[in-house]
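S.K.: kindly generate the corresponding structure for this input.
(chains A and B)
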Amino acid sequence: AQSVTQLDSHVSVSEGTPVLLRCNYSSSYSPSLFWYVQHPNKGLQLLLKYTSAATLVKGINGFEAEFKKSETSFHLTKPSAHMSDAAEYFCVVTAYNNNDMRFGAGTRLTVKP
Amino acid sequence: DTEVTQTPKHLVMGMTNKKSLKCEQHMGHRAMYWYKQKAKKPPELMFVYSYEKLSINESVPSRFSPECPNSSLLNLHLHALQPEDSALYLCASSQVDMGFRGNQPQHFGDGTRLSIL
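M.R.: Numbers count the residues shown, from 1 in each chain, chains lettered A, B, ... in the order given. From the prediction side, this is the model:
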């Protein structure tokens, strides 16, 4: 079985400063990992995915994440936050079965002017 | 703009009403999903269709009835809902995971916000 833990329920940063959203995973199989973003009253948008290729994954809107097997982590980063990044972020793990997506509890990102 | 289109965006219904939620995608995906999302919570899987056949029902009450009329359309028929069913209902689609690697991302619509009076 697999699971995901998002270590922070809420992260607050100032505009122009770096963003770090933390995610640890557990999986009995080689995992696939995803980050999704959800803006208010919207669906989930795929930011990036890791599927056993390069461990440093680049996504949309300047986000990237690094898969670290030894630390069972897949943290999401962005060098400089923008006001439009304020949203809910979900880390997701799957393994073996694409239907069995396990969501983290979510991290709410607030960006201060 | 999302590639998965859900209608209506908002729906208010009484507990005795019958209504349907609709979802459409034209990405050629053969797996489609319904999720329920309560406020400040992650989505919860309800149903999965693979090649237009129901493959997963996550013990959802029978007042929710899914239907997949063709490879592009997914419906969720609602009848005799309860106030606790008020939520955001999300549809998603993906390629079928032929390699059993779990590596096909799901693409989500913007959801239908459902309120039960």
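
S.K.: around chain B, pick out the residues from chain A.
M.R.: When proximity is defined as C-beta under 8 Å from any C-beta of the partner chain, chain A approaches chain B at A:29-32, A:34, A:36, A:41-46, A:49, A:51-52, A:90, A:94-101, A:103-106. Heads up, the C-betas are built off the backbone N, CA and C, glycines and all.

S.K.: among those residues, which ones are buried?
M.R.: Neighbour-count burial (16 or more other C-beta atoms under 10 Å in any protein chain shown) is assigned, among the residues of chain A next to chain B, to A:31-32, A:34, A:36, A:42-46, A:49, A:51, A:90, A:94-96, A:98-101, A:103-104, A:106.

S.K.: correct me if wrong: residue A:101 contacts residue B:104.
M.R.: No: look at residue A:101 against residue B:104 with C-beta atoms under 8 Å: they stay out of range, at 10.1 Å.

S.K.: so does the lowest-mean-pLDDT helix or strand in chain B get close to chain A?
M.R.: Lowest on mean pLDDT, DSSP states H and E among the helices and strands of chain B sits strand B:53-57, with a mean of 89. Yes: shown here: strand B:53-57 in contact with chain A (C-beta under 8 Å from any C-beta) through B:55, B:56.

S.K.: buried residues, the very next helix or strand once past that strand. List them.
M.R.: Per DSSP states H and E, the first helix or strand lying C-terminal to strand B:53-57 is strand B:64-70. Neighbour counts using 16+ other C-beta under 10 Å place B:64, B:66, B:68 of strand B:64-70 among the buried residues.

S.K.: show me which residues of chain B are close to chain A?
M.R.: So chain B meets chain A at B:2, B:4, B:6, B:31, B:33, B:40-43, B:45, B:48, B:50, B:55-56, B:90, B:92, B:94, B:96-97, B:100-111, B:113 (C-beta under 8 Å from any C-beta).

S.K.: could I have the CA atoms of stretch A:85-101 written out in PDB?
M.R.: What follows is stretch A:85-101, C-alpha atoms only, in PDB (Å, rounded to 0.1, in the frame of the first residue of the first chain):
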ATOM      1  CA  ASP A  85       0.600  30.900  -6.600                       C
ATOM      2  CA  ALA A  86      -1.700  31.300  -3.600                       C
ATOM      3  CA  ALA A  87      -3.800  28.000  -3.700                       C
ATOM      4  CA  GLU A  88      -4.100  24.500  -2.200                       C
ATOM      5  CA  TYR A  89      -1.400  22.000  -3.200                       C
ATOM      6  CA  PHE A  90      -1.800  18.300  -3.200                       C
ATOM      7  CA  CYS A  91       1.000  15.700  -3.300                       C
ATOM      8  CA  VAL A  92      -0.200  12.400  -4.800                       C
ATOM      9  CA  VAL A  93       1.300   8.900  -5.000                       C
ATOM     10  CA  THR A  94       0.300   5.900  -7.100                       C
ATOM     11  CA  ALA A  95       2.000   2.600  -7.500                       C
ATOM     12  CA  TYR A  96       1.100  -0.400  -9.700                       C
ATOM     13  CA  ASN A  97      -2.500   0.700 -10.100                       C
ATOM     14  CA  ASN A  98      -3.300   4.000 -11.700                       C
ATOM     15  CA  ASN A  99      -6.800   4.000 -10.200                       C
ATOM     16  CA  ASP A 100      -5.400   4.000  -6.700                       C
ATOM     17  CA  MET A 101      -4.200   7.600  -6.300                       C
END
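
S.K.: where does the chain dip in pLDDT?
M.R.: With no chain named, the answer covers chain A. A:96-98 (pLDDT under 70).

S.K.: chain B was what I was after
M.R.: In chain B, residues with pLDDT under 70: B:1-2, B:98-102.
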